[in-house]
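**Student:** fold the following and give me the result.
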Amino acid sequence: MTTEKPVLNIKTRREIYVHIKDNPGFHKRELSRVLKMPYSTLNYHLKYLIKQNLISKKRNNGYSRYYVKDSIGTEEKNIIDSLRQKIRKNIIFFMMYHFVATEKDLSDHFEKHPTTIKHHLKKLIELNIIEYATVENGEIDNKLPFEGPRIMRRPVKNEKIYRIKDRMIVLKVMTILFDDLLKDEDFRAFHDICTEVKTLCEGIPKKLISFEKAVDDALDNFLDVFPIPWCA
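**Tutor:** Got it, this is the predicted structure:
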């Protein structure tokens with residue numbers, strides 16, 4: 001944009017702006033490390049870019065995280081912030097894999113104290129990323145844009161079940177952070193499975209098999225890798 005050009009003529013400033021655009025949600029220490037830039041220099045240019053209304057910062061969990069101005073909505077920012085925190089990131093990935101989870105599921109899987117898990121689940125609910133899953137006749141809506149596996153679960157007394165509130169927004173954010181997330185082994189596992197499912201769906205001739213059947217077969221493969229004992 002022409003209105004940005006004079007401000008970004010300085011190489012260092014342009015480098016900071018481009019990196020934030022490609023990697024939204026970085027905080028200052030990360031930017032300083034990745035760009036190999038002195039903290040004081042980075043801080044000076046960040047303040048200038050904010051003053052020029054080119055980037056914005058969002059305070060979260062003790063960090064100020066930076067975004068290109070008006071490029072990402074609040075919901076996406078909340079997900080980005082959470083994906084840059086290890087425990088919340090792993091909770092989100094677990095629920096994307098398994099559709100639903102309880103505090104005990106997460107505590108056992110990640111070997112974290114239930115109080116720690118409960119704290120992060122509360123924060124993810126406050127950020128509107130996850131929600132309580134209602135069980136009707138022992139079945140939970142899988143919240144997929146197509147007919148997927150039925151999720152069967154009969155909770156024990158007072159057990160709370162959680163799920164991702166909007167899976168499509170989470171997938172959108174994963175796309176935004178794709179290059180950065182590929183460095184993360186948890187995300188690579190998730191991406192590999194999604195790629196395999198996509199390949200299975202697209203690689204079967206339509207004359208031999210329907211798309212619906214292809215999706216069913218792909219989901220069967222998905223569940224072989226990430227078994228869900230309460231799926232029917």
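**Student:** if I look at residue 164, how far off is residue 94?
**Tutor:** For residue 164, the distance to residue 94 equals 10 Å [Cβ to Cβ, to the nearest Å]. (Each C-beta comes from the backbone N, C-alpha and C, glycine too.)
**Student:** got a list of what residue 176 touches?
**Tutor:** By Cβ atoms under 8 Å, 6 or more residues apart in numbering, residue 176 lies in contact with 24, 72, 76, 80.
**Student:** and residue 164 and residue 94? which has more neighbours close in?
**Tutor:** For residue 164 against residue 94, the residue with the higher neighbour count under other Cβ atoms under 10 Å is residue 164, and the figures read 23 against 20.
**Student:** from residue 122, how far off is the more buried one?
**Tutor:** Using Cβ to Cβ, residue 164 is found at 16 Å from residue 122.
**Student:** check residue 48 too.
**Tutor:** Residue 48 sits 37 Å away from residue 122, going by Cβ to Cβ.
**Student:** out of these two, which sits in the busier spot?
**Tutor:** It is residue 48, of residue 48 and residue 122, that has more neighbours when counted by other Cβ under 10 Å, with 15 against 11.
**Student:** quick check, pLDDT for residue 127.
**Tutor:** Listed pLDDT for residue 127 reads 93.
**Student:** just give me the neighbour total for it.
**Tutor:** The number of residues packed around residue 127, counting by other Cβ under 10 Å, is 18.
**Student:** once you drop chain neighbours, what's closest to it?
**Tutor:** Excluding the flanking residues, the one nearest residue 127 by Cβ to Cβ, 6 or more residues apart in numbering is residue 78, at 4.2 Å.
**Student:** repeat for residue 123
**Tutor:** Taking Cβ to Cβ, 6+ apart as the measure, residue 123 lies nearest to residue 88, with 7.0 Å between them; neighbours along the chain are not counted.
**Student:** doesn't residue 144 belong to a strand?
**Tutor:** No. Under DSSP: H, G, I helix; E, B strand; the rest coil, residue 144 falls outside any strand and is assigned coil.
**Student:** thanks again, I'm all set now.
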